[in-house]
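> Requesting a structural model of the entry that follows:
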Amino acid sequence: MAAAIQGEDKVLATAQRIVQSLGNTSDTDDMLLIFSTFDNRLSTLSSFVENPSAATPTRFDDAERVILSHAGSSSFPDDYLDAVDEVIQLTKEFSLGSSDEVLDRAENALQLAMTRLEDEFRHVLIRNTVPLDPDRLHHRSALSSSAAAIAIAATEFFNGDASESLEDVSSARYSHHSHGRGVSFGWDDMSLELIHPDAVTELGEIADRMIRSGYEKECCQVYCSVRRDVLEECMAILGVEKLSIEEVQKIEWKSLDEKMKKWIQAVKIVVRGLLSSEKHLCDQIFAGSDLIKEVCFLETAKGCVMQLLNFGEAVAIGRRSVEKLFRILDMYDALAQVLSDLQDLFMDEDAGDMVCKEAQGVLDGLGEAAIGTFVEFENAVQGEASRKPIQNGEIHPLARYVMNYAKLLVDYSDTLNLLLENLEAETVESDRGDADNSELESMSPFARRLSALIMSLESNIEDKSKVYEDVAMQYIFLMNNILYIVQKVKDSELRNLLGDNWVRKRQGLIRQHATQYLRASWSKVLSFLKDQGIGGSTSNASKVALKERFKNFNACFEEIYRVQTAWKVPDPQLREELRISISEKVIPAYRSFMGRFGSQLESGRHAGKYIKYNPEDLENYLLDLFEGTPLIIHHMRRKST
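Got it, this is the predicted structure:
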């Protein structure tokens, strides 16, 4: 202060010497006035020379009065910010040359104003927060309930808890196909209004004053504290709880499944909705400082991001079971879709870079968990060893679960191909028995893996056919199951992955089994309609032998009818083709045998005891086969003599 006074004395002395040199000492005051136009310090100094007691300019008195009069008031007058601006400016000026008393008054007024602005900043933030509308955000479920039912049913089957009469849920499909991903959020415009627009300008003006006054720390603390609470509340509304990794791993599956669904929905809403809008809000309020806007956003947002990532990590390192696969893939897809958005949001800070690395780590962990769970499913299919025969030779639950599971997996082809690319070549080796090298080379990694999975299923189904003592029923069981597998492939995107040649091979196998069925089931029946062993020519065959042949034929046919009406062939086309094949072999042979030998018995006594059926009767009875309802031929038709 003394140095400043000495400087002003020098200026006065210089001015006086200039006046004296001009020979006109009476114009000193005029000269001072001229100098005052060049330096506002001389204006203040002029007042000080004339009135040394007037140490505080009038405009400071006015600004100080506005600040002091509203120190504890809830009102915020229009001229308050102007008064704060005045004090900020005068504080800078006073630091150059005012007395300690004046500077202290200015600093006290400024501190009081900052306390008032801090309270107002908090109040405006809280009062103008726009509540999150969950109804607008929860617009669709990531995984259909029927798809979830398939996954759960598969798990129950492998655990030995599933009912064999479980309905075919093959029609259950994910409701998303547009991008080949498991999750389709449907809409990308997620900008949210977090603060009423009118308040944003006011908040920016307050923040500007606090930052210019050196109170940026207090301003940031208020902002981060309020906005963190708001984002936490939004997370609760979205159903994302604060859980430790240990707590997540203790949750039973049904509850965990619901939490995973909510997490999948929340990830995009949080990143592209809440955090993107929060970033924009920081940019608006703290427009004057890039550093402060970045710090405030990071401190506000990283908590909810880490909350999401902690749950994702807990799932990734948790126990692997087949029912989790679709949820894990959806979680992977959801996080993969927003990873670049996270990198854009947190790109400018070391701590922000840490958040992005954490997110990448969780994404990698989910990918490993998905592949590990897929391997668990493959192992479960290979190792499923139930030996109880399926009633009526129908489709085995294992085939239903595996094929429905596979159809759902096709929706994740892009993701699974990406995750499988770096696996060892054992997938190709395991599939060499079913396709030549050119076919394997043309397949994607996921298609090769899928082909190997279905081969394991087919091998298991073939093993399970051995539990039937009746060889003919073994072939009915195999035909039912292979056809079911083929139809699942033909009627879905699986066909594009596995190819038409794959389908043709299985169709050829079904035809082979049909031939083997006919041989196993009807060869004995047809043997009774041969000429050998009758003991003579057509005209003089042994009637005893003929009676025995017709009697054996009737008994054998009736037994097959009783047994095979109980067998079930669900596919109407296969059922009809089998009946036609049987009819083409049995009816002409029976008609021919009757034509050659029937007349030798018809003239005798009790002819109807041996010739019970005409060819048309047999043809009608064949229509009852494979309906799954056991029947007995009660009313034997006798040929009239």
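
> Can you pull the domain assignment for the chain?
By the record's domain assignment, the chain is partitioned as 1-50, 55-127, 181-374, 383-512, 528-622 (automatic domain parsing).

> Quick check: which of these is nearest to Leu518?
Comparing these by their distance to Leu518 (C-beta to C-beta), the top pick is domain 528-622, with 6.0 Å. For glycine as for every other residue, the C-beta is placed from the backbone atoms N, C-alpha and C.

> first to last residue in that closest one, what's the distance?
Taking C-alpha to C-alpha, to the nearest Å, the span from the opening residue of domain 528-622 to its closing residue is 18 Å.

> rewinding a little: possible to save the domains of the chain as CSV with mean pLDDT and mean neighbour count?
Shown next, in CSV, are the domains of the chain (pLDDT from 0 to 100; neighbours: other C-beta atoms under 10 Å):
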stretch, mean pLDDT, mean neighbour count
domain 1-50, 44, 13
domain 55-127, 80, 17
domain 181-374, 90, 19
domain 383-512, 88, 18
domain 528-622, 88, 16
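
> Out of those domains, which is closest to Ile632?
Among those, if distance is taken as C-beta to C-beta, the winner is domain 528-622, at 5.5 Å.

> which residue ends up closest to the midpoint of this structure in space?
By C-alpha atoms, centre = their mean, the mean C-alpha position of the chain lies nearest to Asp330, the distance being 2.1 Å.

> May I ask you to confirm that it is in contact with Ile264?
Yes. With contacts counted by C-beta atoms under 8 Å, Asp330 reaches Ile264, the gap being 4.9 Å.

> Check which helix or strand the residue nearest to the centre of the chain maps to.
In this assignment (DSSP states H and E), Asp330 forms part of helix 325-345.

> following that helix, which helix or strand shows up next?
Moving toward the C-terminus from helix 325-345, the next helix or strand (DSSP H and E) is helix 350-383.

> what packs against that following helix?
In terms of contacts (3 or more C-beta pairs under 8 Å, 6 or more residues apart in numbering; DSSP states H and E), helix 350-383 is packed against helix 290-316, helix 325-345, helix 397-409, helix 413-420, helix 445-465.

> Can you lay out these as TSV showing distance to Thr91?
As requested, the helices and strands packed on helix 350-383 are arranged in TSV below (distance: least, C-beta to C-beta, whole Å):
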stretch	distance to Thr91
helix 290-316	21
helix 325-345	37
helix 397-409	69
helix 413-420	60
helix 445-465	69
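
> and Leu601, which of these is closest to it?
Distances from Leu601 to each of the helices and strands packed on helix 350-383 were compared using C-beta to C-beta; the minimum, 40.9 Å, belongs to helix 445-465.

> by contact count, what packs against the closest one?
In terms of contacts (3+ C-beta pairs under 8 Å, 6+ apart), helix 445-465 is packed against helix 350-383, helix 397-409, helix 413-420, helix 426-430, helix 471-490, helix 494-498.

> now the domains of the chain as TSV including distance to Ala520?
What follows is the domains of the chain, written out as TSV (distance: least, C-beta to C-beta, whole Å):
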stretch	distance to Ala520
domain 1-50	114
domain 55-127	82
domain 181-374	36
domain 383-512	4
domain 528-622	11
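
> among those, which is nearest Asp133?
Shortest distance between Asp133 and these, using C-beta to C-beta, is found for domain 181-374: 8.8 Å.

> any idea how far that closest one is from the chain center?
Centre-to-centre, domain 181-374 and its host chain are 16 Å apart (C-alpha atoms, centre = their mean, to the nearest Å).

> Then stretch 554-572?
Its chain's C-alpha centre and that of stretch 554-572 lie 48 Å apart, by C-alpha atoms, centre = their mean.

> do the same with stretch 563-578
Using C-alpha atoms, centre = their mean, the distance from the centre of stretch 563-578 to the centre of the chain it belongs to is 41 Å.

> Of all the helices and strands packed on helix 445-465, which one comes closest to Glu558?
With C-beta to C-beta as the yardstick, what comes closest out of the helices and strands packed on helix 445-465 is helix 471-490 (15.7 Å).

> any idea of the angle that closest one forms with helix 397-409?
Between helix 471-490 and helix 397-409, the angle formed by their directions is 10 degrees, by axes from the mean of the first three to the mean of the last three C-alpha atoms, to 10 degrees.

> roughly how far apart are the nearest residue to Val381 once chain neighbours are set aside and Glu384?
Excluding the flanking residues, the one nearest Val381 by C-beta to C-beta, 6 or more residues apart in numbering is Ser456, at 5.0 Å. Here Ser456 is placed at a distance of 9 Å from Glu384 (C-beta to C-beta, to the nearest Å).

> and if you look at Ile126?
For Ile126, the distance to Glu384 equals 59 Å [C-beta to C-beta].

> Now do the helices in the stretch 151-300 of the chain.
Assigned by DSSP state H, counting those that start in this stretch, the stretch 151-300 of the chain shows helices spanning 197-212, 216-237, 245-249, 253-268, 276-285, 290-316.

> Could you dump these into a markdown table with distance to Ala113 added?
Conversion of the helices of the stretch 151-300 of the chain to a markdown table gives the following (distance: least, C-beta to C-beta, whole Å):
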| stretch | distance to Ala113 |
| --- | --- |
| helix 197-212 | 8 |
| helix 216-237 | 12 |
| helix 245-249 | 47 |
| helix 253-268 | 41 |
| helix 276-285 | 19 |
| helix 290-316 | 19 |
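
> These: which one's closest to Leu498?
Closest among the helices of the stretch 151-300 of the chain, once you apply C-beta to C-beta, is helix 253-268, at 28.9 Å.
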